[in-house]
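# Fold the stuff below for me.
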Amino acid sequence: QVQLVESGGGLAQAGGSLRLSCVASGHTFSRLNMAWFRQAPGKEREFVAAMRWANGMIDYAESIQGRFTIYRDNIESTVYLSMTGLKPADTAVYYCAADPVTFTRAAEYDYWGQGTQVTVSS
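Residues are numbered from 1 along each chain as shown. I've put the predicted structure just below:
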């Protein structure tokens, strides 16, 4: 059973930066596809970014392309989401997701964290 614990959320001003972290346990981290999703109030959960373990392939949602960066530290079993140029529209609960096989923009990953709130003020 994979356990995921996110941290790093908080309040930021528009144009500011935050870095989210997600620590994984219960599986060989280096063989997990990792992803970030977000869910704003009243909206469906949406894909943000994902990284495939097998070949390092990265996929970003168009809405955050060029502003957010996903990267991982296999020694620390941690995946990060570096967020710059934050906008009020980025306000949401951010979720870390993992799966040894699935690599998709759909919310079909097997394992999910509890989420961390990101609030961007204008």
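# mind checking pLDDT for Val79?
Listed pLDDT for Val79 reads 98.
# Would you mind listing the residues in contact with it?
When contacts are counted by C-beta atoms under 8 Å, 6 or more residues apart in numbering, Val79 touches 21-22, 24, 34, 36, 51, 70-73, 96. (Each C-beta comes from the backbone N, C-alpha and C, glycine too.)
# buried stuff in stretch 11-22?
12, 18, 20-22 (16 or more other C-beta atoms under 10 Å).
# repeat for stretch 23-41
In stretch 23-41, residues buried by neighbour count (16+ other C-beta under 10 Å) are 23-24, 27, 29, 32-38.
# Pick out the most distant pair among the contacts of Val79.
Across those, the longest distance by C-beta to C-beta is 15.1 Å; it joins Trp36 and Asp73.
# can you tell me which of the contacts of Val79 lies nearest to Glu44?
Lowest distance from Glu44 to the contacts of Val79 (C-beta to C-beta) belongs to Trp36, with 15.2 Å.
# what secondary structure does the closest one sit in?
Secondary structure, DSSP: H, G, I helix; E, B strand; the rest coil: Trp36 is strand.
# Next, work out how far apart the most centrally placed residue in the chain and Leu4 are.
In the chain, the C-alpha nearest the mean C-alpha coordinate belongs to Trp36, at 2.3 Å (C-alpha atoms, centre = their mean). As judged by C-beta to C-beta, to the nearest Å, Trp36 and Leu4 stand 11 Å apart.
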